[in-house]
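A.B. asks: Attaching a predicted model along with its sequence, questions to come.
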Amino acid sequence: MFDFKKLETSLISGDIEKTEKLTLAALKTGVPAKELLDKALVPGLDEVGRRFQQGEYFFPELLVAGEAMKTAMSHLRPILAKPGAGGTAGKFIIGTVKGDIHDIGKNIVIMMLEGNGWEVTDLGIDVPAETFVKAIRENGYQILGMSALLTTTIPRLAETIEMLKAQGLRNKVKVMVGGVSVTQAYADKIGADAYGKDAVEAVTKARKLIGK
């Protein structure tokens with residue numbers, strides 16, 4: 001019987017090579033990809049997130065654990081994408097708003113989301129409201145994530161939400177916002193569905209937004 005705890009522990013410790021080796025060994029012996037995700041990898045990443053929020057882990061530990069998860073997911077994702085395999089956690093589209101070229105925080109959020117089984121589309125930086133809206137109209141994304149780090153660019157968050165409303169798309173997608181200059185109060189003011197203060201919280205709230 002495969003030792004899920006051993007895989008979970010290797011992820012928590014950020015051992016990229018061991019995490020990949022155990023993942024491949026499990027797949028070779030017939031352990032379902034969805035079980036590896038649900039019983040070892042996601043719990044492991046959740047523990048990393050808990051340690052990060054408690055101040056026991058810092059960004060280096062978060063990043064190396066994320067890389068270990070990314071390596072494991074490179075083997076699981078093709079299997080999970082097949083019909084009947086349990087699919088992904090959901091479809092998430094993300095970008096930094098127009099006028100803002102910061103992307104480090106956004107990229108960490110993407111890494112954590114993908115590590116938790118989400119299918120993520122990254123629109124990059126300096127993204128106009130029209131681009132966000134066009135993507136929502138043309139694709140079945142469940143959550144739109146927008147990042148703004150500058151006080152001068154946070155109004156773009158509200159602009160995008162208003163444009164979604166104007167085009168009858170607001171009820172088609174949940175909106176999550178974040179960034180250094182963004183607060184829960186501002187998220188509430190502009191009608192966002194959620195505010196993520198960091199990558200760990202973003203993953204937790206994304207699950208709640210779609211009822212998982």
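C.D. replies: In hand now; what should we look at? Residues are numbered from 1 along each chain as shown.
A.B. asks: pLDDT of the longest helix anywhere in the chain, averaged?
C.D. replies: Longest helix of the chain, by residue count under DSSP state H: helix 59-80. For helix 59-80, the mean pLDDT works out to 87.
A.B. asks: and it, which residues are buried?
C.D. replies: 61-62, 64-66, 68-73, 76-77, 80 (16 or more other C-beta atoms under 10 Å). Where C-beta positions appear, they are placed from N, C-alpha and C, glycine not excepted.
A.B. asks: which helices and strands sit right next to that helix?
C.D. replies: helix 4-12, helix 16-28, helix 33-36, helix 42-53, helix 104-115 (3 or more C-beta pairs under 8 Å, 6 or more residues apart in numbering; DSSP states H and E).
A.B. asks: so what's Leu62 closest to, chain neighbours aside?
C.D. replies: Closest residue in space to Leu62, ignoring its immediate chain neighbours: Phe52 at 5.1 Å, by C-beta to C-beta, 6 or more residues apart in numbering.
A.B. asks: isn't the one you found right up against Phe58?
C.D. replies: Yes - counting by C-beta atoms under 8 Å, Phe52 touches Phe58, with 7.3 Å between them.
A.B. asks: out of the two, which sits in the busier spot?
C.D. replies: Phe52 (19 against 10; other C-beta atoms under 10 Å).
A.B. asks: So that one versus Asp193, what's the distance?
C.D. replies: 23 Å (C-beta to C-beta, to the nearest Å).
A.B. asks: cool, and Phe58?
C.D. replies: 29 Å.
A.B. asks: same thing with Lys208?
C.D. replies: Applying C-beta to C-beta to Lys208 and Asp193 gives a distance of 10 Å.
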